[in-house]
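# need a 3D model of the following:
(chains A and B)
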2 protein chains.
Amino acid sequence: MERTLAKEARQKAGCRIRLCGWVHRLRDLGNLTFLLLRDRSGLIQVVLEGKDHPELRLETVVTVEGKVVANDKAPGKVEIQEAKVEVISEVEYDHLPLAVNAKEIKEGLDTILNHRVLSLRSPLVHGIFLVQQEIIRAFRDFFRARGFTEIQTPKIVAEGAEGGAEMFPVKYFKKRAYLAQSPQFYKQMMVAAGYERVFEVGHAYRAELHNTTRHLNEYISLDVEMGFIRDENDLMAIENEFLRYLFSVLPETCGEELAQHGVELADPGEIPRLSVREAQALLQKEYGKRLPAGQIDAEAEKLLGRYIKEKTGSDFLFLTAFPVAKRPVYAMPMEDEPALTKSFDLLYKGLEITTGGQRIHRYRMLYDKMQAFGLNPEDFGFYLDTFKYGVPPHGGFAIGCERLTMQLLNLANIREASLFPRDVERVIP
Amino acid sequence: MERTLAKEARQKAGCRIRLCGWVHRLRDLGNLTFLLLRDRSGLIQVVLEGKDHPELRLETVVTVEGKVVANDKAPGKVEIQEAKVEVISEVEYDHLPLAVNAKEIKEGLDTILNHRVLSLRSPLVHGIFLVQQEIIRAFRDFFRARGFTEIQTPKIVAEGAEGGAEMFPVKYFKKRAYLAQSPQFYKQMMVAAGYERVFEVGHAYRAELHNTTRHLNEYISLDVEMGFIRDENDLMAIENEFLRYLFSVLPETCGEELAQHGVELADPGEIPRLSVREAQALLQKEYGKRLPAGQIDAEAEKLLGRYIKEKTGSDFLFLTAFPVAKRPVYAMPMEDEPALTKSFDLLYKGLEITTGGQRIHRYRMLYDKMQAFGLNPEDFGFYLDTFKYGVPPHGGFAIGCERLTMQLLNLANIREASLFPRDVERVIP
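Numbers count the residues shown, from 1 in each chain, chains lettered A, B, ... in the order given. Okay, the predicted model is just below:
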């Protein structure tokens, strides 16, 4: 008999079906046993005769054959009666280190991550990554529909794009190499190579020692780079449009999982903007918070997020016009105020989820800027030479996928938004 | 005025439009100059008054405004007349190291790869990566439609899945770590975590010293893992079905690019199969080629590919039933012949593009097998422990994306199918 998924059973009332899955819960009712079966689609109740089922321990893998009968009290409003159960794969534990079938996982984050295969079985956790995949799918769909080509660029690189200190060294045969901090150079080169508009969903690596709730050392970066722009406003406009699309499409593609997490998404509308200078003035006036020129720290992000939510109702805020000294060498300076750059960050609920901006596309300007930054242009030859051969005005941005997921689902720690997070302490599992 | 793409111009005959792109070719006709403009969509001819255009060097970035006029002899059957050209971004080279506008690139592979931004501008090369992206898109579409969830798993890992010798070491803070040779452990763990069916498009890393036309040290792996299978035949069936889908969909999504490369795709149909033992007997009988037990080397793959093409017309061949000693520790042995495994390779035009098979899903069997392989089960605790908690019968396979692209487009070297290839000598650009 062909297999039926749990969520498909309700369309087969009266039929005999075959289900496969894990023993999620067992309830002994004297002369009956209720088995809650879990498969990738959800849960379904199975009624078994008798109470003696020693072979059925929690998380045992089974097939069930039986008849679908309507039952308004059961999950999915059907249950399986006249059921025969067969064990496909036994369990071998003494005790489960984590209660998969609890409504919320009570165990601490370390236990959740150490026993990742078990915690991922919990329907609430399972839902996080279904939402994450729908975010990634929406990202691809949106940019592909606008003429962007997807790319995969190398993660083993000779030089860093964001400064050399925070890179992981790789022993690459007899050469020195690193893990890429971002696809920055490569996505720019792909614009220059005539693809004009590119995006990438790929890993980025930061050897930062931060051990916080919002840093990962390996994360998924949703990167965009776009040629023939007027300036950074085109980039903020398209990111804004993407977020409006995302928030309109997620309730359709993963509405159940959002509801599970108690999330209702509202149209982000036109995202408000503040220059860094305006933001700093506001922080000082409203909260008495003073910051070094051009700097917005994590606390400031939180305060700005709260302020803008109260004043405008927006969860999002673009910060613009960062000073040259706070941005990488390739950031395009403003014509009328060359100490500032055509760059931006995007805050979501008080957390930076995007950095972006227009890039320098002129060879001589980039060469001089490298020298002014104390970099040796020869070390970046393969990148710098690109700009000798005709590069259009361009720019882009990157969205931290786990940060977006975390903020959207109101998770407390970014590690909850990563299947197998990598942090300062953790490379296992 | 809004920008129009070159390929959209033919729908605007009689209108004035604005185009943006690169100067692809210049032809001086005395009192006229023909400018061939290249953008991401293709080429278009622009007619300029006079012959003196010193500002227009090859690869200069320009905008063109003019009137669309039908001309059957021009590419796309229209040209731009009454044109005004404006330079957006100048070039700064003495000479172009590579003729972007040549019909075929005459320069050697090293020049092509050293000047990747220029070689990628060549329409023929540009097409390779449009086809590659359509392969990846088809892969995602096919498996998603069959209930598979996309995953992104870590590439920084503590232990290798395919044996420890050929891994790139990473200095990960105070820990020893490596780049993942494959997502093997993680995709199996995701099946076990209740996702049941997963796929991944991600980088894989092999520190192999091979310097051949078919090896990359960083490549894109199209990975599939599937729970609740009967045996490896389910896996070969779904890969076969995917390839039939792929070959039916590519002519629709990138027919022009396939034609550019002279490729016509025929339905792969039912892919023939040979066991390794049968293949070895055949190689000896037909070609006098003797091989060590269970081994099929690169020459043997070529001969088998040629043989099966002649006998059956198929470009594909599944090789099955590899011996235990030739497969990784997690390969499921056959019940009736435990020295063989439920595994397979797929050859395409005589080159292995896939390795796959059923995996061991029982804790005790895997534990014992690790010991028999001389591995310390404790080193693999995070993976091995998974199998204590109920794992269904499962298996999967991986398709080498660059190899599939290379064979499909009849490229001579796998480096041509990688945007920025990484080999023993090359980490730049």
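# hmm, A:Ser182 is touching A:Ile399, no?
No: using C-beta atoms under 8 Å as the test, A:Ser182 is too far from A:Ile399 to be in contact (11.8 Å). Every C-beta, even on glycine, is put in place using the N, C-alpha and C of the backbone.
# which positions in the stretch 151-300 of chain A make contact with chain B?
Taking C-beta under 8 Å from any C-beta of the partner chain, the part of the stretch 151-300 of chain A that reaches chain B is made up of A:151-158, A:168-173, A:175, A:177, A:179, A:186, A:189-190, A:192-197, A:201-203, A:205, A:207, A:209, A:217-218, A:220, A:228.
# out of those, which sit inside strands?
Among these, the members falling in strands (DSSP state E) are A:156-157, A:169-172, A:175, A:177, A:179, A:197, A:201-203, A:205, A:218, A:220.
# lowest-confidence entry in those residues?
Lowest pLDDT within those is found at A:Lys175 (89).
# which of the ones in strands among the residues of the stretch 151-300 of chain A next to chain B count as buried?
Neighbour counting over these (16 or more other C-beta atoms under 10 Å in any protein chain shown) leaves A:156-157, A:170, A:172, A:177, A:179, A:197, A:201-203, A:205, A:218, A:220 as the buried ones.
# where exactly do the helices run in the stretch 301-429 of chain A?
Applying DSSP state H, counting those that start in this stretch to the stretch 301-429 of chain A gives helices spanning A:363-372, A:381-384, A:401-408.
# for burial, what's the neighbour tally of the closest residue to chain B within the stretch 1-150 of chain A?
Nearest residue of the stretch 1-150 of chain A to chain B: A:Leu120, at 3.6 Å (C-beta to the nearest C-beta). Counted with other C-beta atoms under 10 Å in any protein chain shown, residues neighbouring A:Leu120 total 21.
# kindly report the same for A:Thr312.
A:Thr312: 14 surrounding residues under other C-beta under 10 Å.
# dump the residue contacts of the spatially closest residue to it that is not a sequence neighbour.
The shortest distance from A:Thr312 to any non-neighbouring residue, by C-beta to C-beta, 6 or more residues apart in numbering or on different chains, is to A:Pro272 (5.3 Å). Residues counted as contacts of A:Pro272 (C-beta atoms under 8 Å, 6 or more residues apart in numbering or on different chains) are A:Ile308, A:Thr312, A:Ser314, A:Phe316, A:Leu317, A:Phe318.
# 6 Å - rerun?
By C-beta atoms under 6 Å, 6 or more residues apart in numbering or on different chains, the contact set of A:Pro272 is A:Ile308, A:Thr312, A:Ser314, A:Leu317.
# repeat for A:Leu250
A:Glu134.
# next: the one 4 residues further on.
Residues in contact with A:Cys254 (C-beta under 6 Å, 6+ apart) are A:Leu130, A:Val131, A:Glu134.
# list the contacts of A:Ser418.
The contact partners of A:Ser418, taken as C-beta under 6 Å, 6+ apart, are A:Leu216, A:Glu402.
# any idea of the pLDDT on it?
Reported pLDDT for A:Ser418: 98.
# and for the one 10 residues further on?
pLDDT, A:Ile428: 94.
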